[in-house]
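Engineer: Have a look at this prediction, sequence included:
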Amino acid sequence: QMQLVESGGGLVQAGDSLRLSCAASGGTASSFFMGWFRQAPGKVREFVAIIMANGVSTDYANSVKGRFTISRDNVKNTVYLQMNSLKPEDTAIYYCAASTGWARLKAHIGDYWGQGTQVTVSS
């Protein structure tokens, strides 16, 4: 049973950057499509970014395109989310997830989910 643990969240000011990490253990993350999602208070969880198992292709929500970058290091079994030019509306709990399919993951159907890391952006 693979476990995912997110880290790197925190309190920052608008315009700052953060890098989130999602470390996988108990399994081989390189076999999975990996994604980041977020949920703000009182809102539904939304898709943020996704990366193929081999890291070749990525996709992003329109709201973060050009500001966020998803990457992965399959040797370290870790996925990253580099977040630049942060805005107050990026405030949310960020979750990583693993899935056996691209479409499945974008549809929020993850085989494994992390517990989340809080990102708070002040104005």
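Structural biologist: Cool, the structure landed.
Engineer: Spatially, and excluding backbone neighbours, which residue is closest to residue 18.
Structural biologist: Leaving out its chain neighbours, the residue that sits closest to residue 18 by C-beta to C-beta, 6 or more residues apart in numbering is residue 83, at 4.9 Å. Where you see a C-beta, it was placed from the backbone N, CA and C, and this is true even at glycine.
Engineer: Distance check, residue 28 against residue 6.
Structural biologist: 18 Å (C-beta to C-beta, to the nearest Å).
Engineer: what does residue 109 give?
Structural biologist: Taking C-beta to C-beta, one finds residue 109 at 19 Å from residue 6.
Engineer: Who has more neighbours out of those two?
Structural biologist: residue 6 (22 against 12; other C-beta atoms under 10 Å).
Engineer: pLDDT score assigned to that one?
Structural biologist: With respect to pLDDT, residue 6 scores 98.
Engineer: quick one: the residue nearest to it when sequence neighbours are not counted from residue 90, how far?
Structural biologist: Spatially, and ignoring its direct neighbours in sequence, residue 6 is nearest to residue 117 (4.1 Å; C-beta to C-beta, 6+ apart). With distances taken as C-beta to C-beta, residue 117 is found 13 Å from residue 90.
Engineer: Before I go, just wanted to say thanks for your time.
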